[in-house]
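*Asks:* Task: produce atomic coordinates for the following.
(one chain, ligands or ions: 2)
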Amino acid sequence: MRLTKRSRLKSVGLVLFGATFYFVFLKRTPDKNTLLDFQRNVGDDNDVLQLDKKNLFDPDHEDESVINAPDALQNVNAGKKVFNEAPMLNKYSHEFYTASELTPWRSKPLPSPSNPGEYGKGYKIDKPSEMESQLIKEGWERHAFNQHICDKISVHRYLGDKRDQECKDRKWRKPLPTTSVIIVFHNEAWCTLLRTVYSVLETSPKVLLKEVILVDDSSTHEDLHEQLEEYVKQLDVVRIIRTPERVGLIRARLIGAEASTGDVLTFLDAHCECATGWLEPLLERIAEDPTRVVCPVIEVIDSDTFAMGITSSRSVQVGILGWSLGFNWAVQKNRPSNQASDDAISSPTMAGGLFSMSRSYFYFLGSYDDQMKVWGGENIEMSLRIWMCGGTLEIHPCSHVGHVFRKRAPYTHPGGTDVITRNNRRVADVWMDEYSEQYYRRVPRARKIDAGDLTERKQLREDLGCKSFAWYLKNIYPDLYAPPKDDIIMAGEWTNEGKSNQYCLDSANPQGSIGLKTTLYVCHGMGGNQDYLLTRQGEIRHNFVKELCLQPDGSSVLTKACVYPQGQVPFSQMWEYTENFQFLHVQTGHCMEAVDMTVLLKPCSSDASQKWHHRELKDSMR
Ligand code: LR7
Ligand code: MN
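*Replies:* Ligands and ions are numbered 1, 2, ... in the order given. Below you'll find the model as predicted:
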């Protein structure tokens, strides 16, 4: 299982590698399909937001990315301006909903196990006919997932109830707030959109579901116009709102929120599937404390087979961020010992698409930055804002919602990559204080992009009396390490003399995976995969999305989790940059050598392929 996932990720890397090659050598402007692929490899700042997979976590495997649980689990940091709406539930609320009171808005047709995809199983066509192969191909092109398979699976499919027993046994306290479910989309496939809607209607208690609001962000696909309008008429809690022009997912969500009337806003992407009992845990947490923002466990729906599983509580991953402002997943170690498997888990960041938040708290906290366009950045912005301004961000292990993870965005990105970088710059400039420099170091070209007017968002931060980014680092995400200036001996890219200094050390690791082999790639001066720090402690650190350290395994040079500053730098991660420009590995006494397009650890020699020269990054102000 693990191996297949790993190797699948590797093959994704190769595809991306190809896209970059295409761009760098043919100097073509990337078109809409290669745009995101391009960013991922050269190291733009939105790479991990479009993770193709959420790797399944194996708690017994030491190589996983692991972070420490913060000490502060609760709302420890109320800002100056306090949100003082009384919670709906208090310690005297002892009444529970009965099962029949929680009857879903619509009942699910009985599943027939022989139907494709039932019980969350994947579906594969063994020997597709020529015509079928053509359909499959067209589906992938149009939606970046296997639409043909998606169409074969019932929009009512039953996922089974695979929750942990503790979750199944839970009773939910009364009264819970109502929610509006807001689903924004641009050119979504009919099968995923409708399955998202039905899964909401067929799993959400009628008493809790006020409405489902579909916000069509100016889709051009014909079926999403009258046909959809007609179709949803039969589902009387579902409404469609159309944006006047393509406004991007952030403003589309704002439009949906404005039109909604429920106590709580619940956002979902348009290719999700809610599992039994997903809503009650989210709403109960908010009813107890309206400053909690609660995410379900986001399950992977395979983009090829549409298989979907359920994660058990002990394997739930939380959201983190890297200095390039990319989002990623990690497992928390040292979870508080009194934490039960049906307790919410606090999370430093959220993926962004799936969460519930009290409507009034959403507006109290400044909703979204409406100057952010199309896609990206808003999830990190909101995560930082929640934590720094007095709220709590958490994941409830009893709430499970699937999401189709795609390898590329199937839609156009008006404004190209600059728009995403601009969104991220707005996050860095408003929320990161002096640490914004860490972002600019990773994404040097961001300095040249105009972030627009930030006055309002800075004023919001001031008005809410939010804490500093340093506070966030210390209390919420202590594992995001920024080596102090004095510890950095040299930072930038490393060219290889044997390759005429045209090729650089390259992690080929846009997703921050652990255990990948270091490679060579044509120097691009843009940081990202080619940004390395040599530290006073002797480490070669690399952080594009995650803090990683170079550590050999046999003759390969791998990116591994750093040990310092939690512990001493191990000999296996200690390097010396010699006066002959070699990277000497202290433990083995061997040197890094460029061999073809790879980097290997070899006995030291005076060969030019072992000479590495430091070069500052383009656009860098250091
Ligand atoms: O211009 C647009 N207008 C839209 O309405 C672009 C997109 N959209 C819609 C789109 O149809 C979809 O329903 O917005 C929704 C999200 O877009 P995706 O599915 O292309 O985004 P994603 O799943 O790749 O990206 C994640 O990060 C985004 C950053 O802006 C959003 O926060 C997404 O909601 C978010 N998705 C998730 O959190 C699901 C888990 C993925 C992970 C990790
Ligand atoms: Mn999505």
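*Asks:* Please count neighbours and contacts with C-alpha atoms only from this point.
*Replies:* Fine.
*Asks:* domain assignment for the chain?
*Replies:* What automatic domain parsing lists as the domains of the chain is 23-76, 485-620.
*Asks:* Residues of the protein that sit close to ligand 1?
*Replies:* In this structure, the chain approaches ligand 1 at residues 49-51, 184-186, 188, 217, 248-249, 269-270, 351-354, 374-379, 403, 409, judged by CA under 6 Å from any ligand atom.
*Asks:* one more time with 5 Å, if that's ok
*Replies:* Applying the criterion CA under 5 Å from any ligand atom, the portion of the chain that neighbours ligand 1 consists of 50, 184-186, 217, 248-249, 269-270, 351-353, 374-376.
*Asks:* What subset of the residues you listed is buried?
*Replies:* Among those, those classed as buried by neighbour count (16 or more other CA atoms under 10 Å) are 50, 184-186, 217, 248-249, 269-270, 351-353, 374-376.
*Asks:* Now for the chain, the helix or strand with the poorest mean pLDDT.
*Replies:* helix 2-26 (a mean of 30; mean pLDDT, DSSP states H and E).
*Asks:* so where is the stretch 1-150 of the chain shaky, pLDDT-wise?
*Replies:* Under the criterion pLDDT under 70, the flagged ranges of the stretch 1-150 of the chain are 1-66, 68-80.
*Asks:* Try it again at 50.
*Replies:* Per-residue confidence for the stretch 1-150 of the chain (pLDDT under 50) gives these ranges: 1-53, 55-64, 72-78.
*Asks:* again, but for the chain
*Replies:* The chain contains residues with pLDDT under 50 at 1-53, 55-64, 72-78, 621-622.
*Asks:* let's see it at 80
*Replies:* Scanning the chain with the threshold set as pLDDT under 80 gives 1-81, 334-335, 337, 544-545, 617-622.
*Asks:* Determine the longest strand present in it.
*Replies:* Ranked by residue count, the top strand of the chain under DSSP state E comes out as strand 392-404.
*Asks:* So which elements touch the helix or strand that it is followed by?
*Replies:* Note on strand 392-404: by DSSP states H and E, the next helix or strand toward the C-terminus is helix 417-431. In terms of contacts (3 or more CA pairs under 8 Å, 6 or more residues apart in numbering; DSSP states H and E), helix 417-431 is packed against helix 35-42, helix 378-388, helix 436-442, helix 455-464.
*Asks:* contacting residues around helix 417-431?
*Replies:* Where contact means CA atoms under 8 Å, 6 or more residues apart in numbering, the residues beyond helix 417-431 that reach it are 35-36, 39, 44-46, 325, 372-378, 380-381, 384-385, 435-436, 439, 446, 449-452, 454, 457-458, 461, 468-469.
*Asks:* which residues in the stretch 151-300 of the chain form strands?
*Replies:* Under the criterion DSSP state E, counting those that start in this stretch, strands of the stretch 151-300 of the chain are mapped to 179-185, 209-216, 238-242, 264-268, 272-274, 292-301.
*Asks:* picking up where we left off before, show me what counts as buried in the longest strand of the chain.
*Replies:* Taking 16+ other CA under 10 Å as the basis for neighbour counts, the residues of strand 392-404 that come out buried are 392-404.
*Asks:* Out of the residues you listed, which is nearest to residue 523?
*Replies:* Within the buried residues of strand 392-404, distances to residue 523 taken as CA to CA reach their minimum at residue 404, with 34.2 Å.
*Asks:* Run through the bridge partners of the residue lying closest to the closest one once chain neighbours are set aside.
*Replies:* Using CA to CA, 6 or more residues apart in numbering and skipping the chain neighbours, the partner closest in space to residue 404 is residue 301 (4.6 Å). Applying DSSP bridges to residue 301 gives these bridge partners: residue 308, residue 404.
*Asks:* now residue 301: how far from residue 247?
*Replies:* From residue 301 over to residue 247 the distance is 27 Å, taken as CA to CA, to the nearest Å.
*Asks:* out of the two, which sits in the busier spot?
*Replies:* For residue 301 and residue 247, the more surrounded residue by other CA atoms under 10 Å is residue 301, and the numbers stand at 25 against 21.
*Asks:* that older thread, would you format the helices and strands packed on helix 417-431 as CSV with mean neighbour count included?
*Replies:* As requested, those are arranged in CSV below (neighbours: other CA atoms under 10 Å):
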stretch, mean neighbour count
helix 35-42, 24
helix 378-388, 25
helix 436-442, 22
helix 455-464, 15
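*Asks:* now those helices as a markdown table including distance to residue 113?
*Replies:* Conversion of those to a markdown table gives the following (distance: least, CA to CA, whole Å):
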| stretch | distance to residue 113 |
| --- | --- |
| helix 35-42 | 38 |
| helix 378-388 | 38 |
| helix 436-442 | 50 |
| helix 455-464 | 52 |
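*Asks:* what's the closest of those to residue 539?
*Replies:* Where these are weighed against each other on CA to CA, the nearest is helix 436-442, at 17.9 Å.
*Asks:* which strands and helices sit next to the closest one?
*Replies:* Using 3+ CA pairs under 8 Å, 6+ apart, helix 436-442 sits against helix 417-431.
*Asks:* what angle separates the helix it packs on from helix 378-388?
*Replies:* Taking axes from the mean of the first three to the mean of the last three CA atoms, to 10 degrees, helix 417-431 and helix 378-388 form an angle of 10 degrees between their directions.
*Asks:* If you compare the directions of helix 417-431 and helix 455-464, what angle comes out?
*Replies:* Taking the same axes, to 10 degrees, one finds that helix 417-431 is oriented at 30 degrees with respect to helix 455-464.
*Asks:* Could I get the full set of helices for the stretch 251-400 of the chain?
*Replies:* In the stretch 251-400 of the chain, helices defined by DSSP state H, counting those that start in this stretch lie at 279-288, 359-364, 378-388, listed in chain order.
*Asks:* Now render these as TSV, adding distance to residue 261.
*Replies:* Formatted as TSV, those follow (distance: least, CA to CA, whole Å):
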stretch	distance to residue 261
helix 279-288	15
helix 359-364	9
helix 378-388	22
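*Asks:* Indicate the residue of the stretch 401-550 of the chain located nearest to ligand 1.
*Replies:* Among residues of the stretch 401-550 of the chain, the one nearest ligand 1 by CA to the nearest ligand atom turns out to be residue 409. It sits 5.5 Å away.
*Asks:* That residue: neighbour count?
*Replies:* Residue neighbour count, defined by other CA under 10 Å, stands at 17 for residue 409.
*Asks:* ok, now the one 5 residues further on?
*Replies:* Taking other CA under 10 Å as the neighbour definition, residue 414 ends up with a count of 15.
*Asks:* Give me the nearest residue to it, chain neighbours excluded.
*Replies:* With sequence-adjacent residues excluded and distances taken as CA to CA, 6+ apart, residue 414 is closest to residue 374, at 7.3 Å.
*Asks:* what residues are up against that neighbour?
*Replies:* Contact partners of residue 374, counting by CA under 8 Å, 6+ apart, are 247-250, 413-414, 419-420.
*Asks:* Now with 10 Å, please.
*Replies:* By CA atoms under 10 Å, 6 or more residues apart in numbering, residue 374 lies in contact with 217, 246-252, 412-416, 419-420, 423.
*Asks:* picking that back up, most packed of the strands of the stretch 151-300 of the chain?
*Replies:* For the strands of the stretch 151-300 of the chain, ranked by mean neighbour count under the definition mean count of other CA atoms under 10 Å, the leader is strand 272-274 at a mean of 30.
*Asks:* residues making contact with that strand?
*Replies:* When contacts are defined by CA under 10 Å, 6+ apart, strand 272-274 is touched by residues 120, 155-159, 183, 192-204, 268, 296, 298-301, 308, 353-354, 399-405.
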